[in-house]
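Asks: Need a 3D model of the sequence below.
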Amino acid sequence: MKKQLSKRIAVVGSGFVGRATGKGMLQKGHKVVFFDVQAKVINNLASAGYAARHIETIAETDDDFDIFMLSVWTPTVRRHVVLRHIEAAAKEVGKALRKTTADFPLVVIRSTVPPGTIEKKLIPILEKFSGKKVTEDFGVCMNPEFLREISADEDYAHPWVVVIGADDELSGLLLGKVYEDFDAPIYHMSLKEAEMMKYVHNLLNATKISFFNEMRMVGDRLQLNSDLVFKTVLKSAEAMWNPEYGTRNFGPFSGSCLPKDTMAFLNWTSEELDFELPVLKGVIRTNDLLKGSLENDSLKKIQTLNEPKRLYSKKYSPSFANY
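Replies: Have a look, this model is predicted:
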């Protein structure tokens, strides 16, 4: 593969995600400068031989960056995502964009943010403080990270997948070229789809952990070898060995097994073991909501080509497809 030209990259937010991102880009021959707000982080990077500066100096440097990669913390406080840190970083990047002479620089968001955040909150900040227009003067991409803190450097150097969200073709193409040096499939989508994809990624992992923890509690109460049960389920359940199982738009689960067994097991554990299973209860509740939505749509018979999209597609028969 032809070697890509070296890019000048500013990593904004140098926690474990930012550090892994910057180190990975350095290994590919790009020039990287780390930026952060914490003196300790900056000093540790500088003592290790990396170029590291305070974020407030990003617009004062002599570097004309081609890419600004934002990996700023977006914590959850009182069940709400806090965006003030990444909004402050976007303000500083906007100032840097105002003075840069780089040809169509990219702002790449690696932080996890709710769908629509980039379009509604970050792009207006970038435009305001740069005095420039997105897609005309600079590009914006969403490039979610899938790094494990314990192995972040290795995960970034050898990704199993690269996701690039962009609402204009040029931005996605330019960032895609940077990632051509990484041996991984690249998936392109819109900004909002990439934002959503990262949340679905994390929520699936969280749900799987909670589900098996819930089942382990039942197994422990029954004094079973849950590890043996789970290892066998990983081989037997199509949901484990067929990646597309359950993801295709086939409506609620039905058939002769899933509805009766989910309900029976939920009631049995409640009556016999005095156990509450909130994950399984949620599974049944969601399925019932979907069935009700499809039944109502079928009865109303109001589908038209111009009708706005609903939460659930109405192309399915109320007989409900079986997986």
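Asks: Now do the domain split for the chain, please.
Replies: Following automatic domain parsing, one finds the domains of the chain at 8-198, 237-323.
Asks: What distance separates the opening and closing residues of the longest one?
Replies: One end of domain 8-198 to the other measures 26 Å (Cα to Cα, to the nearest Å).
Asks: By residue count, what's the longest helix in the protein?
Replies: Determined from DSSP state H, the single longest helix within the chain is helix 191-221.
Asks: Give me the helices and strands touching it, please.
Replies: strand 139-142, strand 162-165, helix 226-236, helix 278-300 (3 or more Cβ pairs under 8 Å, 6 or more residues apart in numbering; DSSP states H and E). Where you see a C-beta, it was placed from the backbone N, CA and C, and this is true even at glycine.
Asks: Can you show me the helices along the stretch 51-200 of the chain?
Replies: 84-99, 117, 123-130, 152-157, 169-178, 191-221 (DSSP state H, counting those that start in this stretch).
Asks: so where's this protein uncertain?
Replies: Within the chain, the ranges that satisfy pLDDT under 70 run 1-4, 297-323.
Asks: residue farthest from the centroid of it?
Replies: Glu272 (40.0 Å; Cα atoms, centre = their mean).
Asks: what sits against that residue?
Replies: Neighbour list for Glu272: empty [criterion: Cβ atoms under 8 Å, 6 or more residues apart in numbering].
Asks: I'd like the domains of the chain as TSV, with distance to Ser210 appended.
Replies: What follows is these, written out as TSV (distance: least, Cβ to Cβ, whole Å):
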stretch	distance to Ser210
domain 8-198	17
domain 237-323	5
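Asks: Next one: the residue farthest from the centre of the chain from Arg216, what distance?
Replies: The gap separating Glu272 from Arg216 is 17 Å, by Cβ to Cβ, to the nearest Å.
Asks: in stretch 63-75, what counts as buried?
Replies: 63, 65-72, 74 (16 or more other Cβ atoms under 10 Å).
Asks: cool, stretch 14-33 as well?
Replies: Going by 16+ other Cβ under 10 Å, stretch 14-33 has these buried residues: 14, 17-25, 28, 30, 32-33.
Asks: among these, which two are most distant?
Replies: Ser14 and Lys28 (17.9 Å; Cβ to Cβ).
Asks: ok, Thr21 to Ile67 distance?
Replies: Taking Cβ to Cβ, one finds Thr21 at 10 Å from Ile67.
Asks: Common neighbours of the two, please.
Replies: Counting by Cβ under 8 Å, 6+ apart, Thr21 and Ile67 have no contacts in common.
Asks: so what does the helix or strand harbouring Ala239 touch, helix or strand wise?
Replies: Element membership for Ala239 (DSSP states H and E) is helix 238-241. Judged by 3+ Cβ pairs under 8 Å, 6+ apart, helix 238-241 is in contact with helix 226-236.
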